[in-house]
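K.L.:
here is a sequence with its predicted model. Questions after.
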Amino acid sequence: IGQFPEMVPVQIDVQDKDLGVTKSINYQIVKDPSVFAMVLESTMIQALEGVIDREGDGTALLGISLDCSNRDGEKYSFRRENMFYSRTDIVQTLINELSSLMEMVVESEIEEVMPSRLLLKIEIQKTRRTVSIEKVEVRNSSITSGGILDVEVTLKPFRDKSFVRKVKLPIPQDLGKENLTLSVFGLNMRIEDADSVGETRDAKPARDSRNEEPVIDFDCAIRTWANSPKNSDLLFQLTVEGDEMKKIKLNGKDMEIQPTNLVVTGRVDTTLTLSED
């Protein structure tokens, strides 16, 4: 009473690529954890439904720019762009993604953090923009420690012709004679996975499979999330056969990430036998 509450500026830009319609809304939400997520979800639904004239399936590109600060005034800022496809409700898929992110921020177990500015940029279309992994072939006649793995991945876009992505993966020097498993996959094992309304892969930084180190502060957690694999990434991972937890480093990381412009689905595992030569 007698003073204006602290507010968080929010901007949502929505473009329907089918209709050629763009809408931008700007508003402020009171800086309170019990209010922020609820108001943001309802206004995002209004922003989306105010542009698109339909419900159901679709592909969306979601760009997030979020600034946060803790009680001591320390500031955090990050950006992330990710692509989503749903065959049932693309609007709800985007709402789930944003809700998971807000939960991660305002309910952080590491420290008390609140958003200070949020910008969302959404491009949405009905066209299904997915690609499935059909086949993985290792072209080397001999595979040795310290060598280069020549991999050809056959990808099949939805209702379009297949194409081949060629990738070279360096094999570490210090490997024994154990057999290895090369896994090539997307974050969605099946297209049905894109419709999951439960825990999303995208907003759980502490569980990122590339980062086995414990999350020690909020900055580490949010950067792990921002840099984690995207739905449009083609992922390559080497593990010891029979032990998926024993990962072989590729370029110093647990995973090789190859970006695409489609939502990647499927998984193919291939067994490799190292040569002594």
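P.N.:
Thanks, I have the structure now.

K.L.:
can you find the helix or strand in this structure with the smallest mean pLDDT?
P.N.:
Within the chain, no helix or strand scores below strand 243-248, which has a mean of 83 by mean pLDDT, DSSP states H and E.

K.L.:
now the following helix or strand past that one: mean pLDDT?
P.N.:
Downstream of strand 243-248, the next assigned helix or strand under DSSP states H and E is strand 256-259. What strand 256-259 shows for mean pLDDT is 96.

K.L.:
so what's the residue most central in space within the chain up against?
P.N.:
In the chain, the residue lying closest to the centroid (C-alpha atoms, centre = their mean) is residue 230, at 2.9 Å. Residue 230 makes contacts with 81, 82, 83, 187, 202, 259, as judged by C-beta atoms under 8 Å, 6 or more residues apart in numbering. No exception for glycine: its C-beta is placed from N, CA and C like everyone else's.

K.L.:
which of these has the weakest pLDDT?
P.N.:
Lowest confidence among the contacts of residue 230: residue 202, with 50.

K.L.:
for the residue nearest to the centre of the chain, give me phi and psi.
P.N.:
Phi and psi for residue 230, reported as degrees, to the nearest 10, are phi -110, psi 160.

K.L.:
confidence score at it?
P.N.:
Confidence for residue 230, expressed as pLDDT, is 96.

K.L.:
next, find the distance separating it from residue 12.
P.N.:
Distance, residue 230 to residue 12, by C-beta to C-beta, to the nearest Å: 21 Å.

K.L.:
kindly report the same for residue 113.
P.N.:
For residue 113 relative to residue 12 (C-beta to C-beta), the value is 21 Å.

K.L.:
quick one, strands of the stretch 151-277 of the chain?
P.N.:
163-170, 180-185, 233-240, 243-248, 256-259, 263-265, 267-272 (DSSP state E, counting those that start in this stretch).

K.L.:
and the angle for the third one with strand 163-170?
P.N.:
Think strand 233-240. Orientation check (axes from the mean of the first three to the mean of the last three C-alpha atoms, to 10 degrees): strand 233-240 against strand 163-170 gives 40 degrees.

K.L.:
for strand 233-240, packing partners?
P.N.:
strand 148-157, strand 163-170, strand 180-185, strand 243-248, strand 256-259, strand 263-265 (3 or more C-beta pairs under 8 Å, 6 or more residues apart in numbering; DSSP states H and E).

K.L.:
and what of the last one?
P.N.:
The helices and strands touching strand 267-272, judged by 3+ C-beta pairs under 8 Å, 6+ apart, are strand 130-138, strand 180-185.

K.L.:
what residues does the longest one touch?
P.N.:
Pointing back at strand 130-138 there. Applying C-beta under 8 Å, 6+ apart, the set of residues contacting strand 130-138 is 59, 85, 149-158, 162, 182, 184-186, 191, 234, 260, 262-268, 270, 272.

K.L.:
what average pLDDT does that strand get?
P.N.:
96.

K.L.:
again with the last one
P.N.:
For strand 180-185, the mean per-residue pLDDT is 94.

K.L.:
who does that strand pair up with?
P.N.:
strand 233-240 (antiparallel), strand 267-272 (antiparallel) (DSSP bridges).

K.L.:
now the first one
P.N.:
Based on DSSP bridges, the pairing partners of strand 130-138 within the sheet are strand 148-157 (antiparallel), strand 263-265 (parallel).

K.L.:
now find how far off-centre that strand is within its chain.
P.N.:
Centroid displacement of strand 130-138 relative to its chain, using C-alpha atoms, centre = their mean, to the nearest Å, is 19 Å.

K.L.:
for the least confident helix or strand of the chain, packing partners?
P.N.:
On a contact count with 3+ C-beta pairs under 8 Å, 6+ apart, strand 243-248 meets strand 233-240.

K.L.:
now do the strand it packs on and strand 243-248, the angle between them.
P.N.:
Using the same axes, to 10 degrees: strand 233-240 against strand 243-248 is 100 degrees.

K.L.:
could I get strand 233-240 in CSV with only the CA atoms?
P.N.:
Provided in CSV are the C-alpha atoms of strand 233-240 (Å, rounded to 0.1, in the frame of the first residue of the first chain):
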residue,chain,number,x,y,z
ASP,A,233,20.7,-31.7,-33.0
LEU,A,234,22.0,-35.0,-34.4
LEU,A,235,24.0,-36.6,-31.5
PHE,A,236,26.9,-39.0,-31.6
GLN,A,237,28.1,-41.0,-28.6
LEU,A,238,30.7,-43.7,-28.1
THR,A,239,30.4,-46.1,-25.2
VAL,A,240,31.9,-49.4,-24.1
